[in-house]
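> Next come a sequence and a model predicted from it.
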Amino acid sequence: MRKALLVAAVLVLIVSALAGQAFWSNSTVSEQGGPPSAFVSVSSLRLDLSIPQYVSYADAIVRGRVTGIGPGSWNTPDGHKPSSPDPLAAISAPVHLKVTAVLKGNVGVGNDLTFAQMGGTADGVTQVFADEPTFNVGEDVIVFLRPSAKKVGLIDISGKFVIGQDGSARNSVTNSVFRMEDLVKQVQAATK
């Protein structure tokens, strides 16, 4: 199961990178600062997983409030735009979350957690991943997380649920809606 999900995630990155490469090779990027001069929209494959599948793949599942979003940076060794087109180059931005509840994992309530959001602006380029969740300061969310080599990241593009004032939990990519209590029960049942 994990191997199949890992293969699917790698395919998402390759398809995303190739789509970005096609745009990059046909655009001009300004090096003079100021507003972004290139806008890259990348579509990616979406994995529709059941809640038990999300739970089995995630090392941590937490609820929290988004407290900040940092500046974007490239996934290159120096964090800047590659000097020549690179099909694997992508921008991500750090999302800062204050943990209010832990459904799975070794994360403490009240801890500040940082993970990567795909897309952002860096070196005059704005990159948007069409099927990736985005975050806004102040949002109350449940996220499914796993560690990566460099930072903690969403397990996949559907790993974010926004908690509404009405007690709903809406998947920010698929738009499926649960009662928050039902989502929590499904997560708890799957962790046993």
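Received the coordinates, thanks.

> Any figure for the gap between Q188 and S168?
Separation of Q188 from S168 (CB to CB, to the nearest Å): 18 Å. For the C-beta atoms, the positions are set from N, CA and C on the backbone; glycine is no exception.

> Now do the contacts for the nearest residue to M180 once chain neighbours are set aside.
Closest residue to M180 apart from its sequence neighbours, by CB to CB, 6 or more residues apart in numbering: A169 at 4.4 Å. Taking CB atoms under 8 Å, 6 or more residues apart in numbering, we find A169 in contact with 142, 161-163, 177-180, 183.

> partner strands of the lengthiest strand in the chain, parallel or antiparallel?
Secondary structure of the chain per DSSP state E: the longest strand is strand 91-104. Sheet pairing here is set by DSSP bridges, and for strand 91-104 it gives strand 60-69 (antiparallel), strand 73-74 (antiparallel), strand 112-118 (antiparallel).

> For that strand, the averaged confidence score.
The average pLDDT within strand 91-104 is 92.

> Stretch 52-60 too?
For stretch 52-60, mean pLDDT is 85.

> cool, and stretch 122-129?
86.

> Same check on stretch 180-192?
Mean per-residue pLDDT for stretch 180-192: 91.

> and for it, what are the contacting residues?
Everything outside stretch 180-192 that qualifies as a contact, by CB under 8 Å, 6+ apart, is 51-52, 55-56, 61, 103-104, 142, 161, 163, 167-169, 178.

> Among those, name the buried ones.
When the contacts of stretch 180-192 are checked for burial by 16 or more other CB atoms under 10 Å, the buried set is 51, 55, 61, 103-104, 142, 161, 163, 169, 178.

> Adding secondary structure and distance to Q127, write the contacts of A169 out as a markdown table.
Shown next, in a markdown table, are the contacts of A169 (DSSP: H, G, I helix; E, B strand; the rest coil; distance: CB to CB, whole Å):
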| residue | secondary structure | distance to Q127 |
| --- | --- | --- |
| I142 | strand | 26 |
| F161 | strand | 24 |
| V162 | strand | 22 |
| I163 | strand | 27 |
| V177 | strand | 29 |
| F178 | strand | 30 |
| R179 | strand | 35 |
| M180 | helix | 32 |
| L183 | helix | 30 |
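
> Can you point out the helix or strand that includes the residue nearest to M180?
If you go by DSSP states H and E, A169 is part of strand 168-171.
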